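> just a sequence and a predicted model for now, questions to come.
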Amino acid sequence: MDDLLAEFVAETREMLAALSGEIVAWEADPTERARLDTIFRFVHTVKGNCGFFDFPRLEALSHAAEDALSDARAGRRVPDRRLVDTVLAVIDRIGAMIEEIERGEPLSEADDERLIAALRGELDDADLPLANSGGARSSFSAADQRTIRLPVELIDQVMSGVSEMVLARNDIARRLQMRGVETGIEAPFSRLSALITEVRDAITRTRMRRIEGLFATFPRLVRDLSAELGKQVFVEIENGEVELDREMIELIRDPLLHIIRNAVDHGIESPGERRAAGKREAGMLTVSARQTGNTIHIGIMDDGRGIDCDRLSQKAIAAGIITAERAAEMTRAEKIELMFEPGLSTANHVTAISGRGVGMDVVRSNIEKFGGSLEIESLPGEGTRLLICVPLTLSILPSLTVEACGQTFAIPRSYVEEIVSTAGGQLEFAQIGERRYVTFRGRRLACVSLGGTLGLEGGGSSALLFVILRLGWGELYALEVDRIFDHQELVIKPLSPGIMQSGLFVGCTQLDDGTPVLVLDVTAIGHGAGIPRELQRPAAVTASAPRPMREEREGLRVILFRSLCGERQAIAMNAVEQVERASADVVRNPGPDARIVLGGEILPLLGVAEGAELPERLTVLRLGDRGRSIVYAAREVIDISVLNGEIKPVKGRGAIAGIALIDGETAELIDCHALFAGHAPQRTQARPLTCRLVGEDAWLRSFLGPIIEAAGYRIVEGDEPADIAFVDGSDGLRTEGEARKAIRLSDRPREDDPDSIYRYDRSGLMAALVRAGEELAA
Amino acid sequence: MNGKLLLITLAGRRAALPAAAVNSVIELSEVTPVPRTPVHIAGLSALRSRPLTVIDCAAALGLSAAEPDWRLQRAVVVEYEGHLYGLLVDAADDIIDAIDDPQPLGADPGPGWEAAALGRVETKAGSLLLLDIGALIAGPLQARAA
């Protein structure tokens, strides 16, 4: 196959892979323009490329699809279900053709004419060619012709060689630095250094691939399965960016597909059953990946009917696997384990989807074959979750390095939710027995002292820093550490069995200077501290999932922030036009009548107490209502949240509408109405200050005049006395006329003359105007 | 066996390790302690980019009670079941030839030593106790169970 053709095949296959998720999204909303455009671009590109080669059938098919989609884009045709199905069938057909082209086979006879007719809308519903998942799937499994195969050992060898080079380089860098004299090799050394880094990144990537590529095929698979079964299933993919050994991705593909088929077929109920059970009609399937040390955790969670343990044990009894007495003694978890007994399935009848004679026993043993494990948890009526752990022989681990009792440890970053510190004095603690709890985003989290857990000397619970860790299924805990160093990309090495025995570490790594650092198994540390694995069941999530969505619609979206006085306050999000940072210099007259110069306007600044010390930089919320703006000062923005609860009124607090619980903590809700009512336009001033514009330049009157008037000043002419005069300094110093204050303008920015203001420095002009007004008032 | 032996001093006694298994003898510059591990695991070091588990051989034999100091000791680097280990010994002086195959001990070498004893070898430097690297790495508990 010539290079050009190979290029075409590879490109088309890549596009097909990327398209998989788009198609399902498009199907959910056929009118969505962006998806329509993406799919249109695909068929358009395929058609265009066909022109270079002799593939008349492929060209005719993609051309017809292009026409149909083009009509839909132009609004000449409604993108309905029929169109979607037909286009899907066309895309599958293109995938199949591409494979035939790659294998050098003649394009197989297929019903292209019917597809084209369907695209033109010339077929009845009954005749519609149906899309099936077969074509799309197989298009990913065929080998890419342009790759070469290398023994993994060779890559490992290169990889470890490069790692040694990095260490040697760091050693040389340190020595060079210690010498402190010019040696003349700095430049070549830094070039070498950059090259080594590049090579290391490249060689690392040779083995790694994002799991996304595999996950991207799931939405389509689930879509086809659920259509076939008359169910509705949403797929949610989390953390597709986790990278995994290419080899491993291939190994887990089949087990994952099997589990997903099972979940859709047996786990998730029909819309009618779900409705009767009080669930949303559409089931939810979540697939997530997480990396910890040498292990990738892949979770597959559904909110279906769960595993029927009683039926499972009855079947096991019937099959002679266990006795009735034994079944009576078994716990739920033990019964679920029966799933993995050969020849046992809960399905009453074999279906076309998952009844392929492969049981969970085979799936588990396949995963265990390459050193992985499979766990399953299920609650009747609420769902099932499976956790697959697979090892990663060689991997770069993004980590956070921390210190406890003088020793450095690494924590896989995928577990780190947030870092909080007691320094701000904003953390709330509770002591329950010997266990400390910290309140984080409205949840009480158990504190686990890293030093204490590891039995290090001085490992008390006086630490000030907490790393909030999120375990596999969403439970959080706070790990107390003494210091936090850095985020680093570390190469994980396996530990010897003697060290692994402790069960607290997943591997080790080296810092740039070669010091070995242990990588913590945060799951084991959490469980070791008695944090139950079931703090947050999938059931709890799914049962409440529909509700927050509704609440979000009903509740008030607010911005949570900390006021200058340190109060936790909330303000309706739709009142806020912009959040920006401002320096204290632009704030005039701090106190209840404070003003701020923002974007060349003088605006009332609220939230500043009388005589308050302003921080050097402050966060300001610009509020807008019908063209009027006021600004609210804050120390920092905390979060965006939703207020659903009751608002308790407070008296005598001016612009506070009341107090409400947001994310489990109280917050004062700002009364936007009172803010705007209390700050009607500045023109209500008893007597506006007057300004005189001194100079011949028409610029003064036509450019400067209007903005001064808009800011609430009155321009005076002739002999009328003025409070402030603007003097155009470009044509020499002039008489200021009858004015109590003068502002001098220059026609270019002048560093040497701090008293004059560049005529286009709008903020400076406004600030000067306010300053002059203040000085006059004083 | 090919007959080469590494002559070491451990807990005041001379002994031998099969030289074929030994990569090198190094002085350690840094050992990171590893919490919650058996007593004979002195910590973790690195040989270039590979982690090196440091084994306190005296503790592995159940001989030492005093705090070991790896700074004063030499580490015999061996590769065992895919992992690198540094076996801490008081001295590792010489490589010598075994005159004969290892012989049965004949008598009990004393508490501790028996757990890791492979046999007795004759050399120019006299009769030496040949130690089992696997038993040293496994440590006191496992060795006794084995």
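Happy to help now that I have it. All figures in this text were calculated on a predicted structure; none of them were measured in a lab.
> mind checking pLDDT for A:A64?
If you check A:A64, the pLDDT there is 86.
> now do the host helix or strand of it: which elements does it pack against?
Element membership for A:A64 (DSSP states H and E) is helix A:56-74. Using 3 or more Cβ pairs under 8 Å, 6 or more residues apart in numbering or on different chains; DSSP states H and E as the contact test, the elements touching helix A:56-74 are helix A:33-50, helix A:81-102, helix A:112-119. Every C-beta, even on glycine, is put in place using the N, C-alpha and C of the backbone.
> what angle separates it from helix A:81-102?
Going by axes from the mean of the first three to the mean of the last three Cα atoms, to 10 degrees, helix A:56-74 is angled at 150 degrees with respect to helix A:81-102.
> quick one: helix A:56-74 to chain centroid distance?
The chain centre lies 36 Å from the centre of helix A:56-74; the measure is Cα atoms, centre = their mean, to the nearest Å.
> quick one: average pLDDT of stretch A:262-274?
Averaged over stretch A:262-274, pLDDT sits at 87.
> and the contacts of that stretch?
In this structure, residues lying in contact with stretch A:262-274 by Cβ atoms under 8 Å, 6 or more residues apart in numbering or on different chains are A:222, A:225-226, A:229-233, A:277, A:279-283, A:285, A:300, A:302-306, A:346-347, A:351, A:353-354, A:360, A:383-384.
> now these: which count as buried?
Buried subset of the contacts of stretch A:262-274 (neighbour count, 16 or more other Cβ atoms under 10 Å in any protein chain shown): A:222, A:225-226, A:229, A:231-233, A:279-280, A:283, A:285, A:300, A:302-306, A:353-354, A:360, A:383-384.
> looking at chain A, which helix is longest?
Scanning chain A for the helix with the most residues, using DSSP state H, yields helix A:152-179.
> beyond that helix, next helix or strand please.
Next element after helix A:152-179 (DSSP H and E): helix A:186-207.
> re the thing from before, in strands, which of the contacts of stretch A:262-274 fall?
Among those, the ones falling in strands (DSSP state E) are A:V233, A:G283, A:L285, A:I300, A:D302, A:G383, A:T384.
> tell me the SS of the nearest residue to the fourth one once chain neighbours are set aside?
Spelled out, that is A:I300. Counting by Cβ to Cβ, 6 or more residues apart in numbering or on different chains, A:L386 is the residue found nearest to A:I300 once chain neighbours are left out, at 4.7 Å. What DSSP: H, G, I helix; E, B strand; the rest coil gives for A:L386 is strand.
> ok, how many other residues are close to A:L386?
By the criterion of other Cβ atoms under 10 Å in any protein chain shown, A:L386 has 24 neighbours.
> show me the contacts for it.
A:L386 touches A:I259, A:G299, A:I300, A:M301, A:L374, A:E375, A:I376, A:E377, counting by Cβ under 8 Å, 6+ apart.
> one more: A:V481?
Contacts for A:V481 (Cβ under 8 Å, 6+ apart) come out as A:V402, A:E403, A:A404, A:L450, A:A463, A:L465, A:F466, A:V467.
> please tell me how far the first one sits from A:V416.
Here the criterion is Cβ to Cβ, to the nearest Å. By it, A:V402 lies 10 Å from A:V416.
> who has more neighbours out of these two?
Between A:V402 and A:V416, counted using other Cβ under 10 Å, the more crowded position is A:V402 (24 against 20).
> give me the beta-bridge partners of the nearest residue to the more buried one once chain neighbours are set aside?
Leaving aside its sequence neighbours, A:V402 sits nearest to A:V481 (Cβ to Cβ, 6+ apart; 4.2 Å). Using DSSP bridges, the bridge partners assigned to A:V481 are A:L465.
> before we move on, the earlier item: nearest to B:D97, out of the ones in strands among the contacts of stretch A:262-274: which one, please.
Nearest to B:D97 among the ones in strands among the contacts of stretch A:262-274, counting by Cβ to Cβ, is A:I300 at 61.2 Å.
> beta partners for the closest one?
Residues in beta-bridge contact with A:I300 (DSSP bridges): A:V287, A:L386.
> ok, A:I724 touching A:A742?
Yes: counting by Cβ atoms under 8 Å, A:A742 is a contact partner of A:I724 at 7.3 Å.
> ok, the two, which is more surrounded?
A:I724 (24 against 16).
> if I look at the more buried one, how far off is B:D132?
Separation of A:I724 from B:D132 (Cβ to Cβ) stands at 96 Å.
> then A:H258?
To B:D132, A:H258 is 46 Å away according to Cβ to Cβ.
> give the contact list for A:I715.
Going by Cβ under 8 Å, 6+ apart, A:I715 touches A:T690, A:C691, A:R692, A:L693, A:G705, A:I708, A:E709.
> rerun that using 7 Å as the cut-off
For A:I715, the contacting residues are A:C691, A:L693, A:G705, A:I708, A:E709, by Cβ atoms under 7 Å, 6 or more residues apart in numbering or on different chains.
> what kind of secondary structure is it in?
strand.
> how near is it to chain B?
As for A:I715, its distance to chain B is 75 Å (criterion: Cβ to the nearest Cβ, to the nearest Å).
> and the pLDDT at that residue?
80.
> now do A:M339
A:M339 carries a pLDDT value of 77.
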